[in-house]
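# Structure for this input, please:
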Amino acid sequence: MKHLILYIVLLIPFGLFAQDQITLEECYLLVDTHYPLAQQNVLMENQTTIDLEIIKTERLPQLGLSAQTTYQSDVIEIPLANSTIEPLNKDQYRATASVNQLIYAGGTINAKTNLAKAALATRQKKLEVDLYQLKKQVNQLYFSILLTQEKNLLLLSRKSQLQTKLKEVKSGIEYGVLLPTSDKTIESELLLIEQQLTEVQKNELVLIETLSFLVGKDLNLETEFSRPIITTDFSSNMERPEVEFFKLKKLEIESSEQLLSKENSPKLLGFADAGYGNPGLNILDNSFQAFYVVGLKLNWNVFDWNSNKKQRKSLLINQEIVDSETQSFTLNTNIELNEQQKEISKISEFIATDEEIIELRKDILNAAESQLRNGVITASAYITELTNLYESENNLVTHNIQLQLAKANYNIIKGQ
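Have a look, this model is predicted:
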């Protein structure tokens, strides 16, 4: 029989016993991959691939077809007596196929390719910056969930204490030591705790569902949220994605400058035209003829009314704007770091004081318990002291969670 039970237990999937668990770091990773905005990364890569393919087509032969028919008021005539040359028709027809092959583009195509790749890197980094902003929201939700769970445990502990005390009070009433209404005071306090438990549990559910939507994973009240121990390094350098983003923006501007420097370079093309029409290349032959022309062509825009120069000046202004944005970001981030560091220090001091207050409240409550048993104080006075201890413990729990949240936010602000 024992062997049969063991066999049945082994057949039960391990997942039925395993409790779903999640960590803060896992939430960071999930929001980076499952948040709808993250899907743009693949779309950007696909778009750039298409753009690069379009740029490559500039190296391929370009084929064109054209056809025209015209009627003109006059044609060339040769004023020779007894000439046998037939005058041209005033209605003329021509169909042509043209092929142009780029031979030398002055580095323009490579410059366009580099610019497209630089633009992709900038856009992808901007996407990373946008997703990075969500980590603070993850922090707030995650630690708020931990706080509601801790408050729930405190309320359950307080409820258990009061239930035990209620039995003692009823016994004291039975023996005439305590006032007849003492148990009613505790019972009303227990009902109040039930209300508080309901509120805390509902708040926890809302927070969990919100985090679930944000990270794209099914989370519920059964999920175990690991409590992280956050460490901070106040001396390390800032490693925010915005820092790299500003660098990439400047590289993109430099790529644009390189493209502009190539725009007015001479371009050499080979071409071939073949056609059929009346007249053909021999305008003295008034008949339909096939013809072709092959050759080389050089295009060089030697004067553009300083358009290229003005565009370069515009890019220089863009560089200065990026420098200004970088300085503003660095300044604002350092201000945030300083504020967060002060917040960490303040909460740490609160925690030290909370622990001292709790020890004092415990001594006061122990004395109140003894006084209640002996009928020296009322149940209301005892509940007051129990509530004072609960509030002190609640403050400690809140400050501990706030400290971890402040440290996590500090790391996010710094990019650690």
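
# Point me to the helix or strand that includes Gly270.
For Gly270, the enclosing helix or strand under DSSP states H and E is strand 267-278.

# Can you pull out the low-pLDDT segments for the chain?
Along the chain, the parts satisfying pLDDT under 70 run over 1-19, 80-85.

# Give me the next element, helix or strand, following the strand holding Gly270.
strand 289-299.

# which ones are touching the closest residue to Gly375 other than its chain neighbours?
Nearest in space to Gly375, with sequence neighbours left out and distances taken as CB to CB, 6 or more residues apart in numbering, is Val177 at 5.0 Å. The way it works is simple: take the backbone N, C-alpha and C, and place the C-beta from them, glycine included. Listed by CB atoms under 8 Å, 6 or more residues apart in numbering, the contact set of Val177 reads 373-375.

# any chance of those residues in JSON lines, with distance to Gln21 and secondary structure too?
Listed next are these as JSON lines, based on distance: CB to CB, whole Å; DSSP: H, G, I helix; E, B strand; the rest coil:
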{"residue": "Arg373", "distance to Gln21": "44", "secondary structure": "helix"}
{"residue": "Asn374", "distance to Gln21": "48", "secondary structure": "coil"}
{"residue": "Gly375", "distance to Gln21": "50", "secondary structure": "coil"}
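
# returning to what we had before: look at the residue nearest to Gly375 and tell me its secondary structure.
coil (DSSP: H, G, I helix; E, B strand; the rest coil).

# Same question for the one 3 residues further on.
Secondary structure of Pro180, reduced to three states by three-state DSSP: coil.

# Let me know how buried it is, in neighbour terms.
Close neighbours of Pro180, defined as other CB atoms under 10 Å, add up to 8.

# likewise Ser160?
Using other CB under 10 Å, Ser160 has 10 other residues around it.

# Who are the contact partners of it?
Contacts of Ser160 by CB under 8 Å, 6+ apart: none found.

# Distance check, it against Gln195.
Counting by CB to CB, to the nearest Å, the separation of Ser160 from Gln195 is 17 Å.

# Could you do Ser188 as well?
For Ser188, the distance to Gln195 - CB to CB - is 11 Å.

# all helices for this structure, in order.
For the chain, the helices defined by DSSP state H cover 2-11, 24-34, 40-56, 108-132, 134-174, 182-215, 241-263, 307-373, 379-414.

# Can you say which of these is nearest to Lys90?
Taking CB to CB, helix 307-373 is the member of the helices of the chain nearest to Lys90, at 42.9 Å.

# and the angle from the closest one to helix 379-414?
With axes from the mean of the first three to the mean of the last three CA atoms, to 10 degrees as the basis, helix 307-373 and helix 379-414 are set at 160 degrees to each other.

# starting at the chain centroid, how far to helix 307-373?
Helix 307-373 sits 21 Å away from the centroid of its parent chain (CA atoms, centre = their mean, to the nearest Å).

# Output the contacting helices and strands for it.
Applying 3 or more CB pairs under 8 Å, 6 or more residues apart in numbering; DSSP states H and E, one finds that helix 307-373 makes contact with helix 134-174, helix 241-263, helix 379-414.

# which residue is nearest the centroid of the protein?
Relative to the mean C-alpha position of the chain, the nearest C-alpha, by CA atoms, centre = their mean, is the one of Leu131, at 1.1 Å.

# For Gln404, the count of nearby residues, please.
Around Gln404 there are 22 other residues, counting by other CB under 10 Å.

# measure it to Ile193 for me?
Taken as CB to CB, the span from Gln404 to Ile193 is 26 Å.

# what's the closest non-adjacent residue to Ser236?
Per CB to CB, 6+ apart, closest to Ser236 is Gln416, 6.4 Å.

# okay, now that neighbour: neighbour count?
When neighbours are counted by other CB under 10 Å, Gln416 comes out with 16.

# my guess is it meets Asp233, correct?
Yes. Counting by CB atoms under 8 Å, Asp233 is a contact partner of Gln416 at 6.6 Å.

# Now list whatever residues contact both of these two.
In terms of CB under 8 Å, 6+ apart, Gln416 and Asp233 are not both contacted by any residue.

# Name the strands paired with the strand ranked longest in the chain and say parallel or antiparallel.
Criterion DSSP state E: the longest strand present in the chain is strand 91-104. Each strand paired with strand 91-104, and its direction, by DSSP bridges: strand 62-71 (antiparallel), strand 267-278 (antiparallel).

# how distant is the shortest one from the center of its chain?
When distances are taken as CA atoms, centre = their mean, strand 62-71 is centred 52 Å away from the chain's centroid.

# Next: the longest one.
The offset between the C-alpha centroid of strand 267-278 and the centroid of the whole chain comes to 53 Å, using CA atoms, centre = their mean.

# ok, for Gln92, nearest residue in space, not its chain neighbours?
That would be Thr70: by CB to CB, 6+ apart, it lies 5.2 Å from Gln92.

# cool, and Leu251?
Leu251 sits nearest to Ala118 (CB to CB, 6+ apart), 5.4 Å away.

# Do I have it right that the one you found meets Leu248?
Yes. Here Ala118 reaches Leu248: they are 7.2 Å apart, a contact under CB under 8 Å.

# who's in contact with the residue nearest to Asn114 when sequence neighbours are not counted?
Counting by CB to CB, 6+ apart, Asn114 lies nearest to Ser255, which is 5.0 Å off, once chain neighbours are set aside. The contact partners of Ser255, by CB under 8 Å, 6+ apart, come to 111, 114-115, 118-119.

# which residue packs closest to Lys135, ignoring adjacent ones?
Nearest non-adjacent residue to Lys135, counting by CB to CB, 6+ apart: Ile412, 4.9 Å away.

# how close does the one you found sit to Met238?
11 Å.

# again with Gln404
21 Å.

# go on, Asn299?
Separation of Asn299 from Met238 (CB to CB): 49 Å.

# More neighbours: which of the two?
Met238 (15 against 10).

# Distance of the nearest residue to Lys267 once chain neighbours are set aside relative to Val293?
Spatial nearest neighbour of Lys267, chain neighbours left out: Asn299 (4.7 Å); criterion: CB to CB, 6+ apart. Going from Asn299 to Val293 by CB to CB gives 17 Å.

# Lys126 contacts Phe245, correct?
Yes. Counting by CB under 8 Å, Lys126 does reach Phe245; the two are 6.0 Å apart.

# In terms of neighbours, single out the busier of the two.
Between Lys126 and Phe245, Phe245 has the larger neighbour count (other CB under 10 Å), namely 23 against 17.
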